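Colleague: starting from these lines, generate the structure:
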Amino acid sequence: MLFNSLAYLIFLPIVVTLFWFCPKTWRPLLLFIASYVFYMSWKPIYGFLIIGLTLLNYLLGLLIANKQGKQKKAFLITAIATNLILLGIFKYAYFTWDLLKVTVAPFGMQMSALPFQIILPLGISFFVFEFIHYVVEVYKGGRPVKSFINFALFASFFPTQIAGPIKRYQDFIPQLSADSKFKIAMLDEGMGLILFGLFKKVIFADNLAVVVQSGFSRPDLLTSVDLWLVVYAFAFQIYFDFSGYTDIARGSALLLGYKVPINFNLPYLAGSIAEFWHRWHISLSTWLRDYLFIPLGGSRGSKWMTYRNLFITMALGGLWHGAALHFLVWGMYQGVLLMLHKMYSETVSPIAWISNIKTNKIYHALSIVFTFHLVCVGWVFFRADNFSMAISIIEKLLFLKPLSNQIPNWVLTIVNTNEPVTFIVLPFIIALLFVGQLIAVWQNKFKANANNWIAKIISSSPVKAFVVAAVISLLIVFAPDTSPKFIYFQF
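Modeller: Prediction:
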């Protein structure tokens, strides 16, 4: 069941209505059932996988809390290993098998394909990370969840079940017992988030997807200028797709009286790669910091050990996104960028005149542009079908191949799979997206200043009604014929 489907449009109001009309003590059970209906609407068999993994982590969490010394640590290792092994089987079996075939081929050995088919369960990467977070925090002294229904709902909560944000149980579980009452403000904010999340997904991400798919399917037909436009398009496609999903998830949760973490904070306005990762997929970057980077040693050792820890963390983070070489290289690329940024910061911080320049607005603006393009180069590895295609595209982007004499193809029409895509509209679309970024900045500024007269006008009922009507009209008029699934559903 997709957030942008008719089924969800029917499912959500029914669940919200039942939730607020049923007794408070029944609400967790209702959401538990609704969450499994939501998940099993895709492939019912995988509902048994989640419930089995949930039961295992629930019991291991209780054992970790009640044991001491080596036994406590043994149960923690068991819990982490079990979660990672299951994730490895479902997500990395084909990747591992292909690596083995390549490894043994030089020795004259041939391996056939896997004798069985594995279908990746939706959201397994997200709820496995939530389980690992839980058992580690209980091991550190956190209180285990005694109610099985509450614990099961922590992992299966349908708004965040498929693609996050990755929740922390210390934040979510107390909300289950809070004496929450329905408020119009919840409906107002929740529906606003859902509506604008759909707007991001359907109007921006889905329309850009047509351009991106055409460009990445035949990069050999494009010039360097064309490819930069395609990469820009993907940068905004993935942002509006994933942040749109997050907005719908947060809005759906809010309709039920729950708050889940914010996952994006204007990432393309970051002035450095480190700041980008504080703004992009925040729930994942903080998880990687707390449960991978810090356990590896964090910044406690020498600077070279810190660089090593950054590199390993981001490389494994890249592999978490997908079982393919280009995802691993994307993560390694991010790790190298973070290492270089840290080296640069440590080198220039003692130099007074450079520190003064860094406070200049022009320097900051140039840093934003530079960081955005570094991120865009990385997105090529993320989006390309394979590693060799990514390298070929980057060679063109960086003008490492001889330029052809033809004029840029964005003034012409590209034909792919019998569907024309006019690239001349793309710069206009990208300009609109930058305007959207500025509007988001202004919104944050207005929220921070409740007395601002412009904020009062924007938040007034007539203006809200006009904006909502305009957004709904745009969704109807400009929605593409088909809406692809959310990008992060495959992770």
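Colleague: who are the packing partners of the strand or helix carrying residue 90?
Modeller: In this structure, residue 90 is located in helix 69-104 according to DSSP states H and E. When contacts are defined as 3 or more CB pairs under 8 Å, 6 or more residues apart in numbering; DSSP states H and E, helix 69-104 packs onto helix 45-66, helix 124-139. From N, CA and C alone the C-beta is placed, and that goes for glycine too.
Colleague: residue 352 versus residue 359, what's the distance?
Modeller: Relative to residue 352, residue 359 is positioned 11 Å away (CB to CB, to the nearest Å).
Colleague: domains of the chain?
Modeller: Following automatic domain parsing, the chain resolves into domains at 6-104+124-181, 186-485.
Colleague: end-to-end on the first one?
Modeller: The one in question is domain 6-104+124-181. End-to-end distance for domain 6-104+124-181, by CA to CA, to the nearest Å: 28 Å.
Colleague: got the contact list for residue 376?
Modeller: Applying CB atoms under 8 Å, 6 or more residues apart in numbering to residue 376 gives the contacts 228, 231-232, 235.
Colleague: ignore the last one, residue 385
Modeller: Listed by CB under 8 Å, 6+ apart, the contact partners of residue 385 are 216, 326.
Colleague: center of this protein - which residue?
Modeller: Central residue of the chain (CA atoms, centre = their mean): residue 281, 4.9 Å from the mean position.
Colleague: now do the closest residue to that residue other than its chain neighbours against residue 276, distance only.
Modeller: Excluding its sequence neighbours, the residue lying closest to residue 281 (CB to CB, 6 or more residues apart in numbering) is residue 263, at 6.0 Å. In this view, residue 263 and residue 276 are 14 Å apart by CB to CB.
Colleague: same question, residue 95
Modeller: 27 Å.
Colleague: make CSV out of the domains of the chain and add mean pLDDT.
Modeller: Listed next are the domains of the chain as CSV, based on pLDDT from 0 to 100:
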stretch, mean pLDDT
domain 6-104+124-181, 90
domain 186-485, 79
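Colleague: tabulate those (CSV), appending distance to residue 112.
Modeller: What follows is these, written out as CSV (distance: least, CB to CB, whole Å):
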stretch, distance to residue 112
domain 6-104+124-181, 9
domain 186-485, 19
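Colleague: residue 116: which of those is closest?
Modeller: Shortest distance between residue 116 and the domains of the chain, using CB to CB, is found for domain 6-104+124-181: 9.0 Å.
Colleague: can you give me the buried ones in stretch 313-323?
Modeller: For stretch 313-323, a neighbour-count test (16 or more other CB atoms under 10 Å) marks 313-323 as buried.
Colleague: looking at those, which are in helices?
Modeller: The members of those that map onto helices under DSSP state H are 313-321.
Colleague: which members of those are the farthest-apart pair?
Modeller: Spatial extent of those (CB to CB) is set by the pair 313 and 321 at 13.3 Å.
Colleague: would you map the helices across the stretch 251-400 of the chain?
Modeller: 273-279, 282-288, 294-296, 303-321, 325-348, 352-358, 361-383, 387-397 (DSSP state H, counting those that start in this stretch).
Colleague: and these as JSON lines, adding distance to residue 106?
Modeller: Output for the helices of the stretch 251-400 of the chain, formatted as JSON lines (distance: least, CB to CB, whole Å):
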{"stretch": "helix 273-279", "distance to residue 106": "38"}
{"stretch": "helix 282-288", "distance to residue 106": "35"}
{"stretch": "helix 294-296", "distance to residue 106": "33"}
{"stretch": "helix 303-321", "distance to residue 106": "24"}
{"stretch": "helix 325-348", "distance to residue 106": "18"}
{"stretch": "helix 352-358", "distance to residue 106": "50"}
{"stretch": "helix 361-383", "distance to residue 106": "26"}
{"stretch": "helix 387-397", "distance to residue 106": "20"}
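Colleague: for residue 8, which of the ones you listed is the nearest?
Modeller: Of the helices of the stretch 251-400 of the chain, nearest to residue 8 by CB to CB is helix 282-288, at 21.6 Å.
Colleague: just checking, what packs against the closest one?
Modeller: For helix 282-288, the packing partners by 3+ CB pairs under 8 Å, 6+ apart are helix 124-139, helix 303-321.
Colleague: hmm, who's touching the longest one?
Modeller: The one in question is helix 303-321. 125, 284, 288-289, 292-293, 296-299, 301, 327-336, 338-339, 342-343, 346, 382, 491.
Colleague: do that again at 7 Å, thanks
Modeller: With contacts defined as CB atoms under 7 Å, 6 or more residues apart in numbering, helix 303-321 is touched by 125, 288, 292-293, 296-299, 327-328, 330-332, 334-336, 338-339, 342, 491.
Colleague: send me it as PDB with only the CA atoms.
Modeller: Output of helix 303-321 as PDB, limited to C-alpha atoms (Å, rounded to 0.1, in the frame of the first residue of the first chain):
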ATOM      1  CA  LYS A 303      43.200  11.900  13.500                       C
ATOM      2  CA  TRP A 304      43.900   9.000  11.100                       C
ATOM      3  CA  MET A 305      41.700   6.700  13.100                       C
ATOM      4  CA  THR A 306      39.000   9.300  13.000                       C
ATOM      5  CA  TYR A 307      39.300   9.500   9.200                       C
ATOM      6  CA  ARG A 308      39.200   5.700   9.100                       C
ATOM      7  CA  ASN A 309      36.100   5.600  11.200                       C
ATOM      8  CA  LEU A 310      34.400   8.200   9.000                       C
ATOM      9  CA  PHE A 311      35.300   6.200   5.900                       C
ATOM     10  CA  ILE A 312      34.100   2.900   7.200                       C
ATOM     11  CA  THR A 313      30.900   4.400   8.500                       C
ATOM     12  CA  MET A 314      29.900   6.000   5.200                       C
ATOM     13  CA  ALA A 315      31.000   3.000   3.100                       C
ATOM     14  CA  LEU A 316      28.800   0.700   5.200                       C
ATOM     15  CA  GLY A 317      26.000   3.400   5.000                       C
ATOM     16  CA  GLY A 318      26.300   3.300   1.200                       C
ATOM     17  CA  LEU A 319      26.000  -0.500   1.200                       C
ATOM     18  CA  TRP A 320      23.000  -0.200   3.500                       C
ATOM     19  CA  HIS A 321      21.300   1.600   0.700                       C
END
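Colleague: what's the angle from it to helix 124-139?
Modeller: Counting by axes from the mean of the first three to the mean of the last three CA atoms, to 10 degrees, helix 303-321 lies at 130 degrees to helix 124-139.
Colleague: name the nearest residue to residue 296, ignoring sequence neighbours.
Modeller: Nearest residue to residue 296, sequence neighbours excluded (CB to CB, 6+ apart): residue 309, at 4.3 Å.
Colleague: could you give the number of residues near the one you found?
Modeller: Using other CB atoms under 10 Å, residue 309 is surrounded by 22 other residues.
Colleague: distance check, it against residue 173.
Modeller: Noted for residue 309: a distance of 30 Å to residue 173, by CB to CB.
Colleague: sorry, back to before: okay, the helices and strands packed on helix 69-104 in TSV with distance to residue 16 and mean neighbour count next?
Modeller: Below are these laid out as TSV (distance: least, CB to CB, whole Å; neighbours: other CB atoms under 10 Å):
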stretch	distance to residue 16	mean neighbour count
helix 45-66	22	18
helix 124-139	23	23
